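Trainee: Predicted coordinates and the sequence they were generated for:
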2 protein chains.
Amino acid sequence: MEQRVSLITLGVTDLGRAKRFYEALGWTSGAKEADDVVFFQAGGMVVSLWGRDQLAEDSVVKDGGGWGGVALAYNTNSNEEVDAVIEEARAAGATIGREPADTFYGGYSGIFIDPEGHPWEVAHNPRWTIEPDGSVTLPKG
Amino acid sequence: MEQRVSLITLGVTDLGRAKRFYEALGWTSGAKEADDVVFFQAGGMVVSLWGRDQLAEDSVVKDGGGWGGVALAYNTNSNEEVDAVIEEARAAGATIGREPADTFYGGYSGIFIDPEGHPWEVAHNPRWTIEPDGSVTLPKG
């Protein structure tokens, strides 16, 4: 198994609301109005939105009903970009779990929670560089 | 907000066990024995393992205790690769939620569930090509 992820699927209870939320953040997809799944090209991988019940059945797991131990992060190259993304998320209707502030690891981050309860950390870690293509490479050693 | 994800963090209750599981799949990290977080470079992004309690607190969410509406997928260019990855996961101690089989969308997939309950679909979708660098690009239109 190569060291990579092709697709992250976020289970949703209201697909239209979730799609509008990510579109309000500036994301675009080729999804049509009647589609029951939305695929966003996200760098070299894909983020999709799909019915949470269908996803649980397809993934052969029992839905715990709340958050289940997975968090996403969006890293930036500056504290100012963190502030800007958190403001975009707030304007799009996200819950701001944590306002941007310095972190224990010497970075700066805030948390927004999408309308379906999926948390995103928006972070500037000075040791992680975001390349012009949006990719992240871990520092060596 | 650009259309990308920098980091997926999988919350774990037993970091050593989770780390050994992903290492048994062939993944490598620079983590040292005493580290309380493990970062895997995964293509242009990062997959990390961190204590589930810490992740819930940091993400400002209440832990539902089970699965919470997120699934990962690993796409391949052939059915045979799907079979091979599912066998690797089985050998590494995963629960096989669903044995590889044809899917409703004309592909072929199986599900493995890691020791912490996080499901992965291993899929061959003939309309999605995996590039030599491991990236996935959605078909147009």
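Mentor: It's in. Predicted model only: the values in this text are computed from it and were never measured.
Trainee: CA atoms only: put the lengthiest helix in chain A into CSV for me.
Mentor: In chain A, taking DSSP state H as the definition, the longest helix is helix A:79-91. Provided in CSV are the C-alpha atoms of helix A:79-91 (Å, rounded to 0.1, in the frame of the first residue of the first chain):
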residue,chain,number,x,y,z
ASN,A,79,-1.0,33.9,10.6
GLU,A,80,-2.9,36.4,8.5
GLU,A,81,-4.1,33.7,6.1
VAL,A,82,-5.4,31.7,9.2
ASP,A,83,-7.4,34.8,10.3
ALA,A,84,-8.7,35.2,6.7
VAL,A,85,-9.9,31.6,6.3
ILE,A,86,-11.5,31.6,9.7
GLU,A,87,-13.4,34.8,8.7
GLU,A,88,-14.5,33.2,5.5
ALA,A,89,-15.7,30.1,7.4
ARG,A,90,-17.6,32.3,9.9
ALA,A,91,-19.2,34.2,7.0
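Trainee: Please tell me how far that helix is from the chain's geometric centre.
Mentor: Computed by C-alpha atoms, centre = their mean, to the nearest Å, the chain-centroid distance of helix A:79-91 equals 14 Å.
Trainee: how about that helix against chain B, any contact?
Mentor: Yes. With C-beta under 8 Å from any C-beta of the partner chain as the criterion, chain B is reached by helix A:79-91 at A:Val85, A:Glu88, A:Ala89. Yep, even glycine has a C-beta here, placed from its N, CA and C like the rest.
Trainee: And stretch A:33-45, by the same measure?
Mentor: Yes. Using C-beta under 8 Å from any C-beta, stretch A:33-45 reaches chain B at A:Phe39, A:Phe40, A:Gln41, A:Ala42, A:Gly43, A:Gly44, A:Met45.
Trainee: Now do the contacts for the residue lying closest to A:Ala24 once chain neighbours are set aside.
Mentor: Ranked by C-beta to C-beta, 6 or more residues apart in numbering or on different chains and with sequence neighbours excluded, the top spatial neighbour of A:Ala24 is A:Ala92, at 3.7 Å. Each residue near A:Ala92 by C-beta atoms under 8 Å, 6 or more residues apart in numbering or on different chains is listed here: A:Phe21, A:Ala24, A:Leu25.
Trainee: Give the burial count for the residue nearest to the last one when sequence neighbours are not counted, as a bare number.
Mentor: The reference is to A:Leu25. Excluding its sequence neighbours, the residue lying closest to A:Leu25 (C-beta to C-beta, 6+ apart) is B:Met1, at 4.4 Å. Neighbourhood size, B:Met1 [other C-beta atoms under 10 Å in any protein chain shown]: 20.
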